[in-house]
Each structure stands twice: as structure tokens, then as C-alpha cells.
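Participant: with the sequence up front, the predicted model follows.
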Amino acid sequence: MSDAELLLSSKPNKIIITVHPDAGCIRNIADSDSIGHPLLLLGIAGTGTLHIDWGDGTPYATHFLSPYYEGIDSCNDWRYKYYRNFPDSVHTIIIACDIITHFRSMYNGLTDLDVSGCSSLVELVCGGNQLTELDISKNIALTKLYCRDNQLTRLDVSKNTALTVLSCQDNLLTELDISRCCSLIKLNCERNKLTSRNISHNTILMELRRPPSACLDESNQEEFHWAENQTEDEECPF
């Protein structure tokens, strides 16, 4: 094992992504360079020294990672951002740090996202990719998950009891069990293949975007802010 590989393996928190060049979706000019080549854009927050293996044989990138603070508008502010020329072939990228609390990778052509080695993660934004599965069973500290506009057929949040925000619309989900997510405040599960949804255990849920044809158990619906008719910002994960 090389010194660089030893360095990566020594970091307690890791995220591994696979990027497919044909799966990327560039939404605005900010995601391309001066001559129009697409850029891979990652948003990361935490503490410690961050190392990124871009998977293309170039030297590892090293950055001092800054902590996230609540004053940031998570929909529009990319304070912690790392640009890279979009790969021209399938690449596996390894991100490693002492503590990673926030990770964002939207419309980057991800076909695989492994966050099982990142126990400190509290916010994950991975919408607009080509993910067919997402395992968050090891991320028990997760409070916000934005995974809209992928190809997920299953999403198990039974271990994620700290979730306050879940945005999983525009996938292929046939069921969604949120009965253990008793801290959930915001939920968007529109445009899936859900035939039923039970939110009777989610007693503090305050904002819900619901599929109009779903058979719902919404016994606490008088407390909701119904948001299904709001215009969605492509850059806002919810």
C-alpha cells in the first residue's frame, strides 16, 4: 500500500462515489468552465484535513475542511465547494476526512454513492443523479436527506430516527416506511409509485408534499402546511 493509500485509510470518515460521464446533468453555466466543459461540483463540510482521490491518477487533493454553520442558505450557498473537470470515463472518487458532516453532489452523474463509512454525516444532498440504491443504514446521525430525481426503487430509513427533513420525490419508490422517523418535520415524496403512506406516527410533521392519488393515513393533517403546489427550485434540494 502506498503512502497516499495509507493516508486515506487512516481517515475515520469516507465517502466513495462513482461518476459516469454519460449520466451527468449540467443545469447552469456555473457548472461548466470557460469553454463549456462540464465540471464536477462537490460541497463538503466538516473538520480536519480533507483528502480527495479523484481516481484519475493525479495527486490527491488536500484541503482544510471548514465546519458547517446554520447561517448558510443550503439551497443556494456553496461555501464549501470543490470543482473538478468532469471525467471522460467512469471514475471512482474517494473522499476522506476526520469528520464529514455535510456532503452535497447534485446533477453530477453519480451511479453509486457509498456513505456507509461516514458515521458523522448529518446532511446528505444527492439529487439529480442516476442512483438506483442508497444505503444510509450506518448514518444514524443523519438529520436531512435530499435524494430526489434519481432511480431509487427502495429507501430504508428505519435506522435514521434523527431525520427531520426527507426529500425523495421523483424516484421509483413503491413504499416508504417513515414510522420510526418521529422527528420528521418536512417530507416530500411526490412523483413516485407509492400506493399508500402512513404518517400517523409523525406527530410533529409540519410540511408535506403529497402524491395526489395516494391512499393516505393522515390523521394529523390539520397541522400540516400543504406544499404540493409550490414551485420547486432546481437548485434547492427540497
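Facilitator: Arrived safely. Remember, predicted model here, so these are calculated numbers, not experimental data.

Participant: sec struct for Ser9, please.
Facilitator: Here Ser9 is helix, with the state taken from DSSP: H, G, I helix; E, B strand; the rest coil.

Participant: count of neighbours near it?
Facilitator: Using other Cβ atoms under 10 Å, Ser9 has 11 neighbouring residues. All C-beta atoms are positioned from the backbone trio N, CA, C, and that covers glycine.

Participant: how far off centre is stretch 203-211?
Facilitator: Counting by Cα atoms, centre = their mean, to the nearest Å, stretch 203-211 is centred 20 Å from the centre of its parent chain.

Participant: name every strand pairing with the longest strand anywhere in the chain and say which way it goes.
Facilitator: As assigned by DSSP state E, the longest strand anywhere in the chain is strand 39-53. Here strand 39-53 is paired, per DSSP bridges, with strand 61-65 (antiparallel), strand 81-85 (antiparallel), strand 91-97 (antiparallel), strand 99-104 (antiparallel).

Participant: surely Leu166 touches Leu184?
Facilitator: Yes: taking Cβ atoms under 8 Å as the definition, Leu166 is a contact partner of Leu184 at 6.3 Å.

Participant: mutual contacts of the two, please.
Facilitator: Common contacts of Leu166 and Leu184, defined by Cβ atoms under 8 Å, 6 or more residues apart in numbering, comprise Ile178.

Participant: low-confidence stretches in the protein?
Facilitator: Applying pLDDT under 70 to the chain flags residues 1-7, 23-38, 69-81, 83, 86-87, 210-238.

Participant: leaving out chain neighbours, which residue sits closest to the most centrally placed residue in the chain?
Facilitator: What sits nearest the mean C-alpha location of the chain, by Cα atoms, centre = their mean, is Val125, with 2.4 Å. Excluding its sequence neighbours, the residue lying closest to Val125 (Cβ to Cβ, 6 or more residues apart in numbering) is Arg104, at 4.0 Å.

Participant: correct me if wrong: that neighbour contacts Ile44.
Facilitator: Yes: with contact defined as Cβ under 8 Å, Arg104 and Ile44 form a contacting pair (7.5 Å).

Participant: if I pick the spatially closest residue to Ala162 that is not a sequence neighbour, what's in contact with it?
Facilitator: In this structure, Ala162 finds its nearest non-sequential neighbour in Thr143, 5.2 Å apart by Cβ to Cβ, 6+ apart. By Cβ under 8 Å, 6+ apart, the residues touching Thr143 are Val122, Glu123, Ala162, Leu163, Thr164, Val165, Ser183.
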